[in-house]
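*Asks:* below are the sequence and a predicted model; questions follow.
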Amino acid sequence: MPAILEAKEMEKFYGSEKTERHQVLKNINLSVEKGEFVSVMGPSGSGKSTLLYNVSGMDAVSSGSVFFGGEQISSLPEKKLAQLRLTRMGFIFQHIHLLKNLNLLDNIVLSAYLAKSDSRDAVNRRAEALMKQTGIDTLASNDITQASGGQLQRVAICRALINRPDILFGDEPTGALNSKSTQEIMDILGEINENGTTILLVTHDVRVAARSERVLFMLDGALTAERNMGKYVKGEDDLKTRENELSGWLAEMGF
Amino acid sequence: MLWKMLKNDLLRKKGVTVTLFIFILLSAVLAVSGTKMVVELVRSVNHLFVQSETPHFVQMHAGTLDAAQVDAWAAADGRVEKHQIEAMLNLDGASVYMGGESEQSSVMDISFVEQNRDFDFLLDLSGNPVEVGAGEIGVPVYYMQQRGLKIGDAVTVDTGAFSREYKIAAFVRDSQMNPSIVHSKRFVVAGEDYEALKPYAAGTEYLIEFRLRDAGQIGQFASDYQGSDLPKTGPSVDYSLFKLLNALTDGIVAAVVILVSLVLNVIAILCIRFTMLATIEEDYREIGVMKAIGISHKDIKRLYLVKYVFLAASASLLGYAISFGVLRYFMSNIMLYIGNAPSSPVPSLLGLLGAALIFGMVVLFSNIVLRRFRGVSAVEALRSGSLGDAKPGKRRMSLNRAGWMRIPVLLGFQDVAQRFKLFRLLLFVFIVSSFIIIVPVNFLNTIQAPGFVSYMGIGRSDIRIDLQHSDNVEDRYKQLVEQVSADPDVSAFSPLVTSQFKVLNEEGSYDNLSVETGDFSVFPLDYVSGSAPANGDQIALSYVNSDEMGKKAGDTLTLFVDGENKKMTISGIYQDVTNGGRTAKALLPYNADAVLWYVVSLDVRDAGLIPAKIAKYEQDFQPAKVTDLQGYLDQTLGGTVNQLKMVTGLATGIAVFVAILITSLFLQMLISKDRNQIAILRSIGFGLDQIKVKYITMALILLVAGIVLGTVLSNTAGQWLVSAIMSFFGASRISFVINPIVSYLLCPLLLAVCVGVTALLSIKSVKEANISRMIAE
């Protein structure tokens, strides 16, 4: 399978020459294939989220290059990057970053209306289908204050998927949820991946990472190890076994 | 600790702090200056009146005078402390030259007098009675200011038969005729020069002046004088009117300065509210933490209040200090015309009170805003970290229903609708800015429009010929009417004679009333209420007269006509800013013994003939004042128009400056407040340009609403305000003549461009809001 996302010798520094330069990412080389489900794990402060924001073009790398769909995006102007985020990438965050003066449906359809790739009716139908798929179809006209954390995260997933992105980036998407909601969200992400959307997640949670095909381990800004878990098929594979296998490996890494 | 926090806070938000400081400072400077100005004005006028011993009652009289009769009456009246009769030699403007130019086109009536010996002294700029030698002259300060004259310059009188050059030895402060709105001016010459000029003067007018033992009796005294058979073919003026006239112009300026100060303070207070709310929003979590660890609501409040107390105190104190420098500029007119009262701590103390008021308002308001801390729950603050100023569900428009509207534009509309409370500051500033620009622009346009003559108590005609009182004026007037009626180029004309009648007042005695008589249907006038007199039993009153007499259309008054009382019905009220606004109109034969002036208004068949006709009548009836309508307006209002132009320019500059400053401050703080929401928009694919469009849309929505409301307010409250000010001068119902291109296109465009460019520059920081930085924070 061809790589949809690649990072070559990617480095990131914070601060300036004048103050103190602090290296957060060290010589990152990474490749994610189309349709793959990859998780990045590691201790707090190891640079996982920074890696995610730098490979997604949300933040600018200090050196090295990032390719998305074969195109180098680390040197693209902000306008083109915004267009990429709008049409080909989706994001889910740990905290609920929704617009507070829009209702749930409008939060979902906003970026599709902006992209104008389909008629508003077609967008609405797609949003309804996504909400049904994620089990929040009765909440369309609710405010963000009228939904639970789990429900809001589903809204965020629907929003991320509304423009049918090639890749979905998740920064601890279940970090603020209880275990039941976590299972439900991960089931939804699994389904999305089965339908062909590439997923790159950052997580602390072994139960989340256990569903991915490949797990990367990060320590002090560098990718130090990786483990190929094989595709997880719901109903066939035993999730508990995968979790134990992953936990054992992580223990070897000192995590 | 507090000091350290204060220092950090001030340094962290330099832009906001400086802007707030400037507003409080300006507000304090103006409040202190306005207060001091009012106090100094009252003190200076009182001092001038004491120094010059201003008469308590003055009766003007044109024509022959029996001085012995006046002396006998005064001697018999125990209320009179002293009295005098001053003879003023009237000169035609055409025969007086100052700075090489003739005063022909001046609206001022020029009189030459000797210095008074007993009271009503004409003072020099040091406050001493002017004494001039032969060949020297004392010139009213009005001319010093208007013509740029200096001591030693020449004033020439050339009547044809008499020619003489005088050297300016002093400038004169005249407690009666100082202000530019008084259209008579007294020049002081030496006794021998006065006598030499006497035979060649255009006429002699007398000021019969009285000082009373008790100033409280002026009203009754004036009434008794009017009821007597003493000479009184001319207006009478009393002490309180002299004071009012002297204080009016600068008093209005002081009132405007104080008003502007209050507007600036309201803007400063609204800015503080907005800044505080944004700061509380930013620090919400920290406030929660402070509450959680047991710091009391009062102590937290103090942490925030200290910054504003410091800001208000330093700005007010600096404003107070600066006012000492600025005051000289505000007081220059008072110092020139009225002079300085001996120094006293009172104005400075009251000025300090003005600064304290500004300080108090800012601190009080900050205290009120900070009451919000009480409502902050530690748990809620730590959990949500947000104040949540947008109450969801309010005024929401579904994106799907927005139809054609572009998404960033739509988001802008939605944001304004949902967070309207937050945007009140900007809306208020735009309304005020539009108001400050449009009201002077509209008033300037109104005062320059030909229709403004209707506020001067006269109808519109092509040419106006004024004959002032002189020895053979009656004959000249008759000749003039004959010549005009026989002139084939004249399409319509109306001779009007203003003479003095006696009118019965409420006390049963008689007052003088200047009544214009003639046919008012030829050049009709707009009436505030009622209409022109239609028969000999009707009379129309000017607004000021109707106001003073407490009469309205339909009421009656008793006029003394042909030796008997005649009941007249008031047919209408009209506006008149000329002659102190005290005139009347009736269809009566004029009172030949007490004619004040003659006017013939006429229209010519071909407008191209106007200049030639003016020249012809000027030549034939020298020294008549012959003017076309625009010329008459220019002469009468020229100075006012120039001043108003300056005020309009200044007001526009201030309004644009305030709009730019507040737009910039507001948007920068809004972007900082909204950075989370902006980061979310960026993460889902909104480009920087699209986010900028959203904020520009918000600014423009508020600007358009502000301009529309400001314009409506200008044309209603603004018109009312101008009318209220102008009612002092005789026009109570000013109706703006609006130039739509200037008022509805150029002024809004100027504001829109300035606000648009400022908004664009102020929202540059949207690029600093991104998700990774937000999470890092």
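*Replies:* Nice, I can see it.
*Asks:* now stretch A:223-230, how far from the centre of its chain.
*Replies:* Distance of stretch A:223-230 from the chain centroid (CA atoms, centre = their mean, to the nearest Å) equals 17 Å.
*Asks:* make that stretch B:698-714, sorry
*Replies:* Distance, centroid of stretch B:698-714 to centroid of chain: 25 Å (CA atoms, centre = their mean).
*Asks:* please identify the buried residues of that stretch?
*Replies:* Using 16 or more other CB atoms under 10 Å in any protein chain shown as the test for burial, stretch B:698-714 gives B:698-703, B:705-707, B:709-711, B:713-714. Yep, even glycine has a C-beta here, placed from its N, CA and C like the rest.
*Asks:* for chain A, state which of the residues you listed is nearest.
*Replies:* residue B:698 (12.4 Å; CB to the nearest CB).
*Asks:* ok, and the closest non-adjacent residue to the closest one?
*Replies:* residue B:412 (4.6 Å; CB to CB, 6 or more residues apart in numbering or on different chains).
*Asks:* mind pulling up the pLDDT for that neighbour?
*Replies:* On the pLDDT scale, residue B:412 is placed at 91.
*Asks:* figure out the helix or strand that it lives in.
*Replies:* Secondary structure assigned from DSSP states H and E places residue B:412 in helix B:407-418.
*Asks:* which SS class is the residue lying closest to residue A:220 once chain neighbours are set aside?
*Replies:* Leaving aside its sequence neighbours, residue A:220 sits nearest to residue A:46 (CB to CB, 6+ apart; 6.2 Å). For residue A:46, the assignment made with DSSP: H, G, I helix; E, B strand; the rest coil gives coil.
*Asks:* quick one: residue A:46 and residue A:216 touch, right?
*Replies:* No - applying CB atoms under 8 Å as the test, residue A:46 and residue A:216 come out as separate, 10.9 Å apart.
*Asks:* got the contact list for the residue nearest to residue A:220?
*Replies:* Residue A:46 sits next to A:218, A:219, A:220, A:221 when contact means CB atoms under 8 Å, 6 or more residues apart in numbering or on different chains.
*Asks:* can you do 10 Å?
*Replies:* A:24, A:40, A:202, A:217, A:218, A:219, A:220, A:221, A:222, A:223, A:224, A:255 (CB atoms under 10 Å, 6 or more residues apart in numbering or on different chains).
*Asks:* quick check: residue B:584 vs residue B:109, distance?
*Replies:* According to CB to CB, to the nearest Å, residue B:584 stands 21 Å off from residue B:109.
*Asks:* revised request: answer the last question for residue A:208.
*Replies:* Taking CB to CB, one finds residue A:208 at 98 Å from residue B:109.
*Asks:* do the same with residue B:645
*Replies:* Distance from residue B:645 to residue B:109, by CB to CB: 26 Å.
*Asks:* the two - which one has more neighbours?
*Replies:* Neighbour count, other CB atoms under 10 Å in any protein chain shown: between residue B:645 and residue B:109, residue B:109 has more, with 19 against 13.
*Asks:* just list whatever residues bridge to that one.
*Replies:* Under the criterion DSSP bridges, residue B:109 forms beta bridges with residue B:184.
*Asks:* residue B:246 belongs to a helix?
*Replies:* Yes - under three-state DSSP, residue B:246 falls within a helix.
*Asks:* list the contacts for it?
*Replies:* Applying CB under 10 Å, 6+ apart, the residues near residue B:246 are B:41, B:44-45, B:48-49, B:54, B:173-179, B:181-182, B:334, B:337-338.
*Asks:* among the residues you listed, which lie within helices?
*Replies:* Using DSSP state H, the subset of the contacts of residue B:246 located in helices is B:41, B:44, B:45, B:48, B:49, B:334, B:337.
*Asks:* ok, residue B:137 touching residue B:165?
*Replies:* Yes - if you go by CB atoms under 10 Å, residue B:137 and residue B:165 touch, sitting 9.5 Å apart.
*Asks:* now for these two: what residues contact both?
*Replies:* B:154, B:155, B:157.
*Asks:* among those residues, which are in reach of chain A?
*Replies:* When contact is defined as CB under 10 Å from any CB of the partner chain, the shared contacts of residue B:137 and residue B:165 do not meet chain A at all.
*Asks:* restricting to C-alpha, output stretch B:304-316 in CSV.
*Replies:* Taking Å, rounded to 0.1, in the frame of the first residue of the first chain, the C-alpha atoms of stretch B:304-316 are listed here in CSV:
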residue,chain,number,x,y,z
TYR,B,304,-8.2,43.4,40.1
LEU,B,305,-9.4,46.8,41.3
VAL,B,306,-5.9,48.0,42.2
LYS,B,307,-5.0,48.3,38.6
TYR,B,308,-7.9,50.5,37.7
VAL,B,309,-7.6,52.6,40.8
PHE,B,310,-3.9,53.2,39.9
LEU,B,311,-4.8,53.9,36.3
ALA,B,312,-7.7,56.3,37.2
ALA,B,313,-5.7,58.1,39.9
SER,B,314,-2.6,58.6,37.7
ALA,B,315,-4.6,59.7,34.7
SER,B,316,-6.8,62.0,36.7
